[in-house]
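> no sequence for this one, just the structure:
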């Protein structure tokens, strides 16, 4: 992307009062939802410039290059904004597990199945 | 789900200081990410009890039964929590468009494709 295109994309993004926007990462081929994390403007710009998933760590209070320590980097193929510009969807190729637990996704460990009306 | 199971699930959910948790809705078969919205405890409980996607509208400041006016309801098949319990993933069957614009997903209208290293 050109600097102008990046500026335009960032300008359409609506950050919270804390300067953050939630970002959902989805695997491009298997389409599993991998994780949800937060970006500040710098992280969003770096993601758009480099094609690597970069976030803002709320616990550490700073830049978080996904996979910097684990090696489980995200190659970003698409960055999408939702209809009101306040949520980012990243279409990525995730190397290894997305979750710090080693699981493929952060949603693997805990879930409940609901009964569907009309299903057996 | 039994009342005890619902209580246990809600107890594992970490709400923000505002009492909300982000909830991602994903279509169960096509696996497209449909939308991201927020739930308070009451909305999460109602979703678990009824199997309908219920959220908390931050703009209206109250309960939002998805599809109440549009008819585009969400039948919820699974509810998952992420590794630290602060994000909900709903696996749903979305009737019609998930987005108020009429689009199938809230992420359809605005996105950029990044150049991938090594791709043609």
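Sure, I can see it. Here the structure is a predicted model, which is why all the values come from computation and not from measurement.

> contacts, neighbours, all on C-alpha from now
OK.

> near chain B, which residues of chain A?
A:1, A:31-33, A:35-36, A:48, A:51, A:75-83, A:87, A:89, A:99, A:101, A:106-116 (C-alpha under 8 Å from any C-alpha of the partner chain).

> For chain A, which segments count as strands?
All strands of chain A, identified by DSSP state E, fall at A:21-27, A:33-39, A:54-57, A:62-65, A:74-81, A:88-94, A:110-113.

> Would you format those strands as CSV with distance to residue B:68, mean neighbour count and mean pLDDT included?
Conversion of the strands of chain A to CSV gives the following (distance: least, C-alpha to C-alpha, whole Å; neighbours: other C-alpha atoms under 10 Å in any protein chain shown; pLDDT from 0 to 100):
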stretch, distance to residue B:68, mean neighbour count, mean pLDDT
strand A:21-27, 26, 23, 98
strand A:33-39, 26, 22, 98
strand A:54-57, 35, 23, 98
strand A:62-65, 39, 16, 97
strand A:74-81, 25, 23, 98
strand A:88-94, 26, 23, 98
strand A:110-113, 23, 15, 94
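
> Indicate which one of these is closest to residue B:55.
Among those, strand A:21-27 comes nearest to residue B:55, with 16.9 Å by C-alpha to C-alpha.

> packing partners for that closest one?
Judged by 3 or more C-alpha pairs under 8 Å, 6 or more residues apart in numbering or on different chains; DSSP states H and E, the packing partners of strand A:21-27 are strand A:33-39, strand A:88-94.

> That strand relative to strand A:74-81, how many degrees between them?
Comparing the axes of strand A:21-27 and strand A:74-81 via axes from the mean of the first three to the mean of the last three C-alpha atoms, to 10 degrees yields an angle of 120 degrees.

> in its sheet, what does strand A:21-27 sit against?
Within its sheet, and counting by DSSP bridges, strand A:21-27 is paired with strand A:33-39 (antiparallel), strand A:88-94 (parallel).

> Residue A:13: which of the ones you listed is closest?
Among those, the nearest to residue A:13 by C-alpha to C-alpha is strand A:88-94 (8.2 Å).

> Now do the closest one: everything it contacts.
Under the criterion C-alpha atoms under 8 Å, 6 or more residues apart in numbering or on different chains, residues A:21-29, A:72-82, B:107 lie in contact with strand A:88-94.

> For residue A:83, see how far away the closest residue in space to residue A:22 that isn't next to it in sequence is.
Nearest residue to residue A:22 in three dimensions, chain neighbours excluded: residue A:38, at 4.5 Å (C-alpha to C-alpha, 6 or more residues apart in numbering or on different chains). Computed as C-alpha to C-alpha, to the nearest Å, the residue A:38 to residue A:83 distance reads 18 Å.
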